[in-house]
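Enquirer: Predicted coordinates and the sequence they were generated for:
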Amino acid sequence: MNAVRRALAAVAVSGTALAGVGVAGATAALAANPVPTSLSITAPHRVTYGHSAAVGGKLTNTRTHKALGGQVVRLMERRPGTTTWTTVTSGTTASNGSVAFSVTLSRTEEAELVHPAGNGTQATTSTVATIKVAYAVTASLSGHTVSVSVAPAAVRQPVALQQKKGHQWVTLKTTKLNSHSHATFTITPPKAAGTYHYRVVKPSAHGYLLGVSSTLALTVP
C-alpha cells in the first residue's frame, strides 16, 4: 500500500511540474511575442473656458482587429509649442476596448492617449488632438441693460453687443471690460413692436478663441 501511495505522489508531483513548465512556457512565449496594438483618440476641437472636455479612445489588436479590454490607458497633456507631456489621469479599457475621460481645461492643450506595454501587449500612442479653449461670456438682460462678465479675466479688452437682423448678427456697440472683467450695455429700445435678439461677443485674444454669450430676447409691446 505504501508503495502505491508513493507512486501516486510521484505522478502528482510530475504532473504539477509539467503544468508549471507549460504555464511558464506560455508566459515566456507571450512576453516574446506581445500583441501589437493601436489606440485611437476622439476629442472636441473647441471647449468653453471652465467647461469639461470629453476625451475618448479605443484600443485594438492590430493583428486580429479585435478590441482589447482590461488594459491601462493614460491621458497625457502638454501646452502647444512645448515638448513635455504630463499624465492627467488613467483608466482601464472596457470590454469593447473603449476608454473615456472628462477633463476641465483652463487653456488650449494638446492631448494624447498612451497604452504602456504590459499584460502581453505592445505599447502604443494615439495621434495628438488639439483642444482649443474659448472665452466664457455670460450676459443677462434687465430692462434695457445688458450685464456682461468674461472668463478668464480679460481686463480692458473689448466686447461687442450684437443684434440679430435677418440671418446676420450686426454689431451695435463696443466697450471695454473693467478691472473685474465686467461690462454693461444699454439697449436703445426699438420703436416697432416685436421680439428682438441680442448677444455679446468677446473677440479672440491671448490664445483664447472668440467667446459668444447665449441669446437674449427683448420684447417690445
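Expert: Good, I have the coordinates. Numbers count the residues shown, from 1 in each chain.

Enquirer: ok, and the helix or strand in this structure with the lowest average confidence?
Expert: One helix or strand of the chain scores below all others by mean pLDDT, DSSP states H and E: helix 2-32, with a mean of 44.

Enquirer: okay, how far is it across stretch 118-135, tip to tip?
Expert: 41 Å (C-alpha to C-alpha, to the nearest Å).

Enquirer: Name the residues of it that are buried.
Expert: Within stretch 118-135, the residues that qualify as buried by neighbour count (16 or more other C-beta atoms under 10 Å) are Thr121, Gln122, Thr124, Thr125, Ser126, Ala129, Ile131, Lys132, Val133, Ala134, Tyr135. For every residue, glycine as well, the C-beta is placed using N, CA and C.

Enquirer: Check stretch 70-87 too.
Expert: Gln71, Val72, Val73, Arg74, Leu75, Met76, Glu77, Trp85.

Enquirer: which ones among those residues are found in strands?
Expert: Using DSSP state E, the members of those that fall within strands are Val72, Val73, Arg74, Leu75, Met76, Glu77.

Enquirer: For the helix or strand containing Ser149, list the C-alpha coordinates in CSV.
Expert: Element membership for Ser149 (DSSP states H and E) is strand 145-151. This file holds the C-alpha atoms of strand 145-151, laid out as CSV (Å, rounded to 0.1, in the frame of the first residue of the first chain):
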residue,chain,number,x,y,z
THR,A,145,-29.4,97.0,-19.6
VAL,A,146,-27.2,94.1,-20.6
SER,A,147,-24.7,93.0,-17.9
VAL,A,148,-21.6,91.1,-19.1
SER,A,149,-18.8,89.0,-17.5
VAL,A,150,-16.0,87.2,-19.2
ALA,A,151,-13.7,84.4,-18.0
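
Enquirer: helices or strands next to it in the packing?
Expert: If you count contacts as 3 or more C-beta pairs under 8 Å, 6 or more residues apart in numbering; DSSP states H and E, strand 145-151 packs onto strand 136-142, strand 158-165, strand 182-186, strand 194-202.

Enquirer: Let me know how buried Gly56 is, in neighbour terms.
Expert: Neighbour count of Gly56, defined by other C-beta atoms under 10 Å: 16.

Enquirer: now the helix or strand hosting it: how far from the chain's centre is it?
Expert: Assigned by DSSP H and E, Gly56 belongs to strand 52-61. Here the centre of strand 52-61 is set off from its chain's centre by 9 Å, with C-alpha atoms, centre = their mean, to the nearest Å.

Enquirer: Compute the inter-axis angle for that strand and strand 72-78.
Expert: 130 degrees (axes from the mean of the first three to the mean of the last three C-alpha atoms, to 10 degrees).

Enquirer: quick one: contacts of strand 52-61?
Expert: With C-beta atoms under 8 Å, 6 or more residues apart in numbering as the test, strand 52-61 has contacts from 35-44, 47, 66-68, 71, 73, 75, 93, 96-105, 111, 113, 115, 124, 126, 129, 131.

Enquirer: re the thing from before, can I get the helices and strands packed on strand 145-151 in a markdown table with distance to Lys173, mean neighbour count and mean pLDDT?
Expert: What follows is the helices and strands packed on strand 145-151, written out as a markdown table (distance: least, C-beta to C-beta, whole Å; neighbours: other C-beta atoms under 10 Å; pLDDT from 0 to 100):
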| stretch | distance to Lys173 | mean neighbour count | mean pLDDT |
| --- | --- | --- | --- |
| strand 136-142 | 13 | 16 | 98 |
| strand 158-165 | 5 | 18 | 97 |
| strand 182-186 | 6 | 16 | 98 |
| strand 194-202 | 10 | 17 | 97 |
